[in-house]
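Colleague: Task: produce atomic coordinates for the following.
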Amino acid sequence: FGANRNERPQDIVTTTELVRMLVDVVSKNGNLLIGIGPDERGRIPAQQQVPLHGLGEWMAVNGAAIYGTRPWQVASTTTSEATDVRFTVGAGCVFATLLDLPGARSFTLRGVDGRSVSSVRLLGVEAAVGLGEQDGDVLITLPDEVPVSAAYVLDLGSGVSWRG
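Modeller: Alright, predicted model coming up:
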């Protein structure tokens, strides 16, 4: 690999794209190869560093859903608001990563048994997350204020069941 002098800014993956790609790959037991390369002086071009720094910042908050995890019973689902969700499991916890914010504060995770989830928290946020059950699925209500992020990780705790 090497730097491409003809590479335009729009050719470089954004932080959001990189984070979502990593979450998707990890949920499916894959490995992510990030195609960056040094220039003729051995330096990584600044425009290629930007998404890597963004990924590092996201991982500092949400790394528990990535480091030392493995795929869960299913890799993905959607919310009742049609938001894509990816699952990983590690350290006894099931993590549901929302690849975007749903259109409503309250939504269900399709296929996740609402009776099997006894606690939920949004990584990086101190405010409480509401928890309930709707039509058998787990019902989540996000806090009033949620910081902007490339993806949002819900820690569903242990003992979570798939009913899909």
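Colleague: Please tell me how far the nearest residue to Phe95 once chain neighbours are set aside sits from Asp11.
Modeller: In space, Phe95 comes closest to Ala65 once its chain neighbours are excluded; the distance is 3.8 Å by C-beta to C-beta, 6 or more residues apart in numbering. (Each C-beta comes from the backbone N, C-alpha and C, glycine too.) Using C-beta to C-beta, to the nearest Å, we find Ala65 at a distance of 29 Å from Asp11.
Colleague: ok, now Ala127?
Modeller: Ala127 sits at a distance of 38 Å from Asp11 (criterion: C-beta to C-beta).
Colleague: now swap in Gly136 and tell me
Modeller: Gly136 is 45 Å from Asp11, by C-beta to C-beta.
Colleague: With Ile44 instead?
Modeller: Relative to Asp11, Ile44 is positioned 15 Å away (criterion: C-beta to C-beta).
Colleague: neighbour-wise, which of those two wins?
Modeller: A count of neighbours by other C-beta atoms under 10 Å puts Ile44 above the other of Ile44 and Asp11, at 13 against 9.
Colleague: Just to check, the more buried one is in contact with Ile34?
Modeller: No. Contact status for Ile44 versus Ile34: not in contact, 10.8 Å apart, counting by C-beta atoms under 8 Å.
Colleague: Identify the contacts common to those two.
Modeller: Here Ile44 and Ile34 share the contacting residues Leu52, scored by C-beta atoms under 8 Å, 6 or more residues apart in numbering.
Colleague: any idea where the helices of the protein begin and end?
Modeller: Using DSSP state H, the helices of the chain run over 15-27, 46-62.
Colleague: winner for burial among the ones you listed?
Modeller: Highest mean neighbour count among the helices of the chain (mean count of other C-beta atoms under 10 Å): helix 15-27, with a mean of 20.
Colleague: what's the residue closest to the geometric middle of the protein?
Modeller: For the chain, the residue sitting closest to the mean C-alpha position, by C-alpha atoms, centre = their mean, is Thr97 at 3.7 Å.
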